[in-house]
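Engineer: build me a model:
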Amino acid sequence: MADSGFLVSQVEGRHRYYSLVPDAWRPLFLVHARPPLWIAWPVLFAALEQVWAFIEAPERPGQSPLAQASALRRILHDGVADGLARGGPSAVLQGWERQAGESLLPYFVGELRALIDAVHRLG
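Structural biologist: A predicted model of the protein is given here:
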């Protein structure tokens, strides 16, 4: 294996340790010369499930936009914003705390669209 140029081996006592040669593997995996994006799927799906529950709540259609924004702010504060940011492939919801009143709703929709588009582009 070491003769392939993709691995190097090192002997310590009676043990042989193998490791990857980064410069040999990088062209194989990094087609566009950028590292792969990490998605923490369980974290992302848990946050998206909470968003879905928020959207589908039976009281949501009858609420005023200000009440909807208040409820959205509550779930974002309770961990959804952190889950979307940690789980997703791109930085989302960086300034949600600065959105005043009803302005949180269109901001959140835009950020959620950007997140879904980023996941979709990953294939």
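
Engineer: Tyr17 sits in which helix or strand?
Structural biologist: strand 15-20 (DSSP states H and E).

Engineer: correction: Gln10
Structural biologist: Assigned by DSSP H and E, Gln10 falls in strand 7-12.

Engineer: pLDDT averaged over that strand, what's the number?
Structural biologist: Mean pLDDT, computed over strand 7-12, is 86.

Engineer: name every strand pairing with that strand and say which way it goes.
Structural biologist: Strand 7-12 has the following sheet partners, assigned by DSSP bridges: strand 15-20 (antiparallel).

Engineer: please name the nearest non-neighbouring residue to the residue nearest to the spatial centre of the chain.
Structural biologist: Centroid check for the chain by CA atoms, centre = their mean gives Gly88 as the closest residue, at 0.9 Å. Distances taken as CB to CB, 6 or more residues apart in numbering put Leu115 closest to Gly88, at 5.0 Å, once the chain neighbours are dropped. In this view, the C-beta of every residue, glycine as well, is placed from N, C-alpha and C.

Engineer: longest helix of this structure?
Structural biologist: helix 104-121 (DSSP state H).

Engineer: name the surrounding residues that touch it.
Structural biologist: 39, 44, 51, 65, 68-69, 72-73, 76, 84, 88-90, 92-93, 95-96, 99 (CB atoms under 8 Å, 6 or more residues apart in numbering).

Engineer: ChimeraX command for the buried members of those?
Structural biologist: Only the buried entries of the contacts of helix 104-121 go into this ChimeraX selection, using 16 or more other CB atoms under 10 Å:
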select :39,44,51,68,69,72,73,76,84,88,89,92,93,96,99
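
Engineer: in strands only, show me the contacts of helix 104-121.
Structural biologist: Judged by DSSP state E, strands contain none of the contacts of helix 104-121.

Engineer: all the helices of this structure, residue numbers only.
Structural biologist: Using DSSP H, helices in the chain cover 22-29, 41-55, 65-75, 81-87, 104-121.

Engineer: any idea which of those gets closest to Glu12?
Structural biologist: Of all the helices of the chain, it is helix 22-29 that lies closest to Glu12, at 21.0 Å by CB to CB.
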